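[1] Quick one, fold the following:
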Amino acid sequence: MNHFVAKTIRDLPYSGIRKFFDVAAEMKDVVSLGVGEPDFITPWHIREEGIFSLERRRTMYTSNAGMPELRSEISRYMATQYGLRYHPGTQVLVTVGASEGIDVALRAIVDPGDEVLVVEPCYVSYKPCVLMAGGVPVSVPTSAENGFRVTAEDIETRITSKTKAIMLCYPSNPTGAILEREDLERLADLLRERNLVVISDEIYSELTYGDAAHVSIASLPGMSEKTIVLNGFSKAFAMTGWRLGYACGSTELIAAMTKIHQYIIMCAPTTAQYGGIEALRNGNKSVSAMRKEYDGRRRYMLGELRKMGIDCFEARGAFYLFPSVRRFGMTSEEFCGRLLHERRLAVVPGTAFGDCGEGHVRCSYAYSIDNIKEALFRLREFVKSLEPTSRTE
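    Purely as a prediction, here's the structure:
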């Protein structure tokens, strides 16, 4: 029956993350640093609000765009946290996670043959979503040498008459890189006069460390109208299974996205929307506590990797490290495959996030400290086993 499958889908590769972890799932005693999911349970006050909504029999569809009360809270939150002003009635769409936001944003703006610049390494769904929208993804590689920060020069050389949009994700999955205000201002100087849309995935905006507060490119002069900001509740509020996100942007772009959303989704889960209202109103203390814990894990893992002699860029956002494994003389996939089979430790090959991820692996610290310690012990033993070969070479 394969000939019935659309060619675009038939040619689409499976997720580099899922493909790898399907193998790990069949093995015993595997320790994982692979999945980008908080190990925290959704804070009780948010769960309680969801439970209470069910007890009140609030189980019906909501407005396609999301409950007005939730959209108002999102509007207030974006203004308070990031200085972004959106009308809750016309410029906010509640989605099934930020992932749906990526899909409908691209489908709303991409015509067949349009090019979309994708800054890499990047989240695994960006390129497939561009392809499924009929577009052509164009890679914009970054490197550890530049802190995985994309520059205006990187982008300018890849803009053509067919360029319709650019996908940004900072703080970055998988690298943990951030863009500071000065970086964003240089990008805005270039993009402000270009006839393209910026899709800014800011799902990790609450998870920055040290004095590096998140700045949205949409907050810079002239960028709000041409930027779609995607965000959600999964990472900061530990609400991955609730499947709740949102998109903010110009009235015209949000209207186009809502049109698609109403046909394919109808509305985001009602119970999750009640939980989202509570999260935005009263969740700051929980977010701060989780961020502090992540920061401790980040610093611990980074220090241990460097003690092993593994070069690692210092991530300042999200909950990932992206260490280099080049010195071991293997590809990322070979390194991860051997690590999994020889030490039962799962991390993700950097190539799952784009070709420029070669030579790196992604390690998540969204796990308990005990899990991280065991993982690092196994990695240390694996690295020791490689050292005699390295010395001989």
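[2] Can you list the low-confidence ranges for this protein?
    Along the chain, segments meeting pLDDT under 70 span 19-20, 388-393.
[3] Beta-bridge partners for the residue nearest to Glu374 when sequence neighbours are not counted, please?
    Nearest non-adjacent residue to Glu374, counting by C-beta to C-beta, 6 or more residues apart in numbering: Val31, 5.3 Å away. Every residue, glycine included, has its C-beta placed from N, CA and C. Counting by DSSP bridges, Val31 is bridged to Leu345.
[4] show me where the stretch 251-393 of the chain has helices.
    Assignment of helices within the stretch 251-393 of the chain using DSSP state H, counting those that start in this stretch yields the ranges 251-264, 270-282, 284-307, 332-343, 369-392.
[5] Just put the ones you listed in TSV and tack on distance to Val361 and mean neighbour count.
    As requested, the helices of the stretch 251-393 of the chain are exported to TSV (distance: least, C-beta to C-beta, whole Å; neighbours: other C-beta atoms under 10 Å):
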stretch	distance to Val361	mean neighbour count
helix 251-264	35	17
helix 270-282	32	22
helix 284-307	10	16
helix 332-343	6	18
helix 369-392	10	15
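[6] Can you say which of those helices is nearest to Phe313?
    helix 284-307 (9.2 Å; C-beta to C-beta).
[7] Not counting the closest one itself, show me its contacts.
    With C-beta atoms under 8 Å, 6 or more residues apart in numbering as the test, helix 284-307 has contacts from 38, 40, 43, 45-46, 176, 206-207, 209, 236-238, 312, 314-315, 319, 321, 323, 363, 365-367, 369, 372, 376, 380.
[8] Show me how to select, in ChimeraX, the buried members of those residues.
    The buried residues among those can be selected in ChimeraX (16 or more other C-beta atoms under 10 Å) with this line:
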select :38,40,43,46,176,206,207,209,236,237,238,312,315,319,321,323,363,365,366,367,372,376,380
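[9] Which of the contacts of helix 284-307 fall in strands?
    Among the contacts of helix 284-307, the ones falling in strands (DSSP state E) are Leu321, Cys363.
[10] quick one on the thing from earlier: can you lay out the helices of the stretch 251-393 of the chain as a markdown table showing distance to Thr90?
    Formatted as a markdown table, the helices of the stretch 251-393 of the chain follow (distance: least, C-beta to C-beta, whole Å):
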| stretch | distance to Thr90 |
| --- | --- |
| helix 251-264 | 5 |
| helix 270-282 | 18 |
| helix 284-307 | 27 |
| helix 332-343 | 44 |
| helix 369-392 | 44 |
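[11] Any idea which of these gets closest to Val124?
    Of these, nearest to Val124 by C-beta to C-beta is helix 332-343, at 14.1 Å.
[12] now the angle between helix 369-392 and that closest one, please.
    Orientation check (axes from the mean of the first three to the mean of the last three C-alpha atoms, to 10 degrees): helix 332-343 against helix 369-392 gives 110 degrees.
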